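>>> what shape does this take:
(2 chains)
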Number of protein chains: 2
Amino acid sequence: MPMMASQMERSAGNYSAGPSRLPDAVRAMVAEDVLDLDGSGIGCLEHSHRGEVFDQVLSQTESLTRNVLNVPSDYSVLFLQGGATQQFGLIPMNFSETGLSAHTNTGVWTTKAMRAAEQFGPISIVFDGADDRFRSLPDPTNLQIPKEASYFHTCANNTVMGTQWKNLPSPPANVPHVCDMSSEIGSRVLDWNNLDMLYAGCQKNLGVAGTVLVIIKNDLLHRSKAPTPFNYQEHASAGSRLNTPPTFGIVVLRRMLEWIQEHGGVKNMALRAEKRAQLLYDAIESTQGYWQPHASHACRSVMNVTWHGPNPEAEFQFLHQANELGFSGLKGHRSVGGLRASVYNAADEVACQKLAELIQTSSRSCK
Amino acid sequence: MPMMASQMERSAGNYSAGPSRLPDAVRAMVAEDVLDLDGSGIGCLEHSHRGEVFDQVLSQTESLTRNVLNVPSDYSVLFLQGGATQQFGLIPMNFSETGLSAHTNTGVWTTKAMRAAEQFGPISIVFDGADDRFRSLPDPTNLQIPKEASYFHTCANNTVMGTQWKNLPSPPANVPHVCDMSSEIGSRVLDWNNLDMLYAGCQKNLGVAGTVLVIIKNDLLHRSKAPTPFNYQEHASAGSRLNTPPTFGIVVLRRMLEWIQEHGGVKNMALRAEKRAQLLYDAIESTQGYWQPHASHACRSVMNVTWHGPNPEAEFQFLHQANELGFSGLKGHRSVGGLRASVYNAADEVACQKLAELIQTSSRSCK
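Now for the predicted structure:
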């Protein structure tokens, strides 16, 4: 029987799709923050969201967000709740001016965004990957996006499918581009010329579940038309304190952004992500077809590596071996099956090398 | 110059209205949970919300909620996000069937609930305390609640004003009673015969900001009519995992509920609350009018003790002295002014005695 994995190995071997691994240094600092925030003598869970100590946390987190993500000055930064899923409803509730919204259907989450949007008006599906089991993404320059759409919706990285736009499509002038960046934010340099709004649950690359980062161009923000308390402009005017914000998630976000800054910023996060993902894709390909990537080569995600085995038994056996070695979170999403390794900003390169070895050896031992 | 207060004193002297103090034992356990949840080797922020470890946390938290609050079996328990404020919008969006909703206006938060509700239909205000600066509550047996209302809304404890219903009013048969219990939940035995739905942000008596406990009678739940993802029934059918729930807040809620159970349950929480509040009210009254309670005697809250001084300077001086002694969070809400001590489940009785002494001595030194 193999040795039980140590806590350090269990922690490094956590490949959950989100909530997901934090950097060791961030986890340790957050545990300290719970006991005493910034030397105040009071833990971060217990500070008033309107007190001076949290005032500092909030303004630092906004500054860090702007610095790390290079946010232009005519965009507002909001810290909200309810996950990306709630944004699926809030976006059409606020912005479906003409009634019509345009969508790229690239996976489970964009489908949910479409279902939510069509409750508020008709939707135009400019690309639908369902027939292909969402394995590939189209040429972004070759989409017919209706000029009369209230907004155009994309998802930058598809967590479930393991696909990622290398370049996002651009809507026609005057159609705002709204992008779900839940599983990509903080791991790539952003092209703000092609983004009017992004939103991201923080539990993948930037911290914990329960906090959603929303960054929105003021031109669009001012058109918010949802009732209170669902109106983006209201939240922006109140500086994300229309009511009690998710204070803890903001504390963790601050730590994560500091950590990204100290580790070379998003440019370096992108390089690290490329390297980790390549280790895994190379390992999968080296098995000469025993393991097969789910996503088409051109749109493989560097955040979520998805692959299938020759049969369910082989996948089950892999998961069993992986668990004994201290790996977890490797089961594919129920809609895709197979296996998935989510390798966000905090993913450990050494653990990725070990996983790559397991991918290789598991194929040899079974042939 | 006085000695700086120690961390222990700062922590015990935290009287914030919410987020607010946690019991020392809970804070310490949560810091451990951040490093390693339930011996899994993975921290609580990093576990998948669909993994076995979090499955256990979620089912234990629901069981504890049902046990501690004595929830009848025909009610569903939901763990949501967005604060009580979001519920202000979700309630009419789901339940304003006839268009009309009935309200008791007992403070800042009920006013916000009314403003949100009237976006979905007309409102009937069966009591309005605004003229009285919300200092008193009416006889609950003497309200004319329209029989055709879709629901009747109350707030059990008014955090800002420091008033608390000793007995909640009852609506006519077939009018569901929906109650905001954000600042009372877990500190009193509930009368389920007079509750169809309660909701409570957890950052006062039950943990941290970002998690809202919703308990709803199934008869009412089945009438949810809001679009996805704003529909209560949808969240209930998905067992609070329609999307990623606020996993950390649920971990803290579990710890708080265990702590309440170990400390004599809500019956004992109520006794402790009475005793602490009495210490403060007695101290205020002993100053013979120098300090004056804000709330009328009959409806004084045992959760939020509010009082005024003879002038703003006296209040400012009190806050200054209090700060030097390690107390914080004592400034009254901007809409009421004066002073406020929020003494939720985790409030420290020794610190309350010290605060009571300060209330007395500060009046003597100024006369």
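>>> and the closest residue to A:Trp192 other than its chain neighbours, how far is that from A:Ile215?
Excluding the flanking residues, the one nearest A:Trp192 by CB to CB, 6 or more residues apart in numbering or on different chains is A:Pro72, at 5.3 Å. Glycine gets a C-beta too; all of them are placed from N, C-alpha and C. Using CB to CB, to the nearest Å, A:Pro72 is found at 9 Å from A:Ile215.
>>> tell me where the stretch 51-200 of chain A has helices.
Here the stretch 51-200 of chain A has its helices, by DSSP state H, counting those that start in this stretch, at A:52-69, A:83-95, A:108-117.
>>> tell me which of these sits nearest to chain B.
With distances scored as CB to the nearest CB, the stretch of these nearest to chain B is helix A:83-95 (3.6 Å).
>>> let me see the mean pLDDT of the closest one.
Across helix A:83-95, the average pLDDT comes to 97.
>>> report the angle between it and helix A:108-117.
30 degrees (axes from the mean of the first three to the mean of the last three CA atoms, to 10 degrees).
>>> which secondary structure elements does helix A:83-95 sit against?
Packing contacts for helix A:83-95, counted by 3 or more CB pairs under 8 Å, 6 or more residues apart in numbering or on different chains; DSSP states H and E, involve helix A:108-117, strand A:177-180, strand A:197-201, strand A:212-217.
>>> got those as CSV, with mean neighbour count columns?
Formatted as CSV, the helices and strands packed on helix A:83-95 follow (neighbours: other CB atoms under 10 Å in any protein chain shown):
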stretch, mean neighbour count
helix A:108-117, 21
strand A:177-180, 25
strand A:197-201, 26
strand A:212-217, 23
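>>> circling back: verify the stated contact: the residue nearest to A:Trp192 with A:Asn193.
No - under the criterion of CB atoms under 8 Å, A:Pro72 is not in contact with A:Asn193, lying 9.3 Å apart.
>>> how about the stretch 251-367 of chain A: which residue is closest to chain B?
A:Gly329 (5.8 Å).
>>> with the flanking residues excluded, which residue is spatially nearest to that residue?
Nearest residue to A:Gly329, sequence neighbours excluded (CB to CB, 6+ apart): A:Ser16, at 3.5 Å.
>>> that neighbour - that's part of a strand, no?
No - counting by DSSP: H, G, I helix; E, B strand; the rest coil, A:Ser16 falls outside a strand, being coil.
>>> surely it is in contact with B:His47?
Yes - counting by CB under 8 Å, B:His47 is a contact partner of A:Ser16 at 7.0 Å.
>>> neighbour count: the two, which is higher?
B:His47 (27 against 24; other CB atoms under 10 Å in any protein chain shown).
>>> the more buried one and A:Cys202, how far apart?
B:His47 is 15 Å from A:Cys202, by CB to CB.
>>> and for A:Gly43?
Taken as CB to CB, the span from A:Gly43 to A:Cys202 is 20 Å.
>>> show me which helix runs longest in chain A.
helix A:265-286 (DSSP state H).
>>> phi and psi next, for A:Ser342.
Main-chain dihedrals, A:Ser342, degrees, to the nearest 10: phi -90, psi 120.
>>> show me what it is bridged to.
On the basis of DSSP bridges, A:Ser342 is bridged to A:Asn304.
>>> check the contact between it and A:Met303; I expect there is one.
Yes - contact criterion CB under 8 Å: A:Ser342 and A:Met303 qualify, at 6.6 Å.
>>> so these two - more neighbours on which side?
A:Met303 (29 against 24).
>>> just checking, the more buried one touches A:Lys204?
Yes - between A:Met303 and A:Lys204 there is a contact at 7.5 Å, judged by CB under 8 Å.
>>> shared neighbours, these two?
Residues touching both A:Met303 and A:Lys204 (CB atoms under 8 Å, 6 or more residues apart in numbering or on different chains) are A:159, A:183, A:342, A:344.
>>> A:Pro146 versus the third one, what's the distance?
From A:Ser342 across to A:Pro146, the span is 34 Å (CB to CB).
>>> and stretch A:126-145, what's its mean pLDDT?
Rounded to a whole number, the mean pLDDT of stretch A:126-145 is 96.
>>> sorry, back to before: what's the most distant pair in the shared contacts of A:Met303 and A:Lys204?
Largest separation among the shared contacts of A:Met303 and A:Lys204 by CB to CB: A:Thr159 and A:Tyr344, giving 9.9 Å.
>>> which neighbours do those two share?
A:18, A:183, A:204, A:303.
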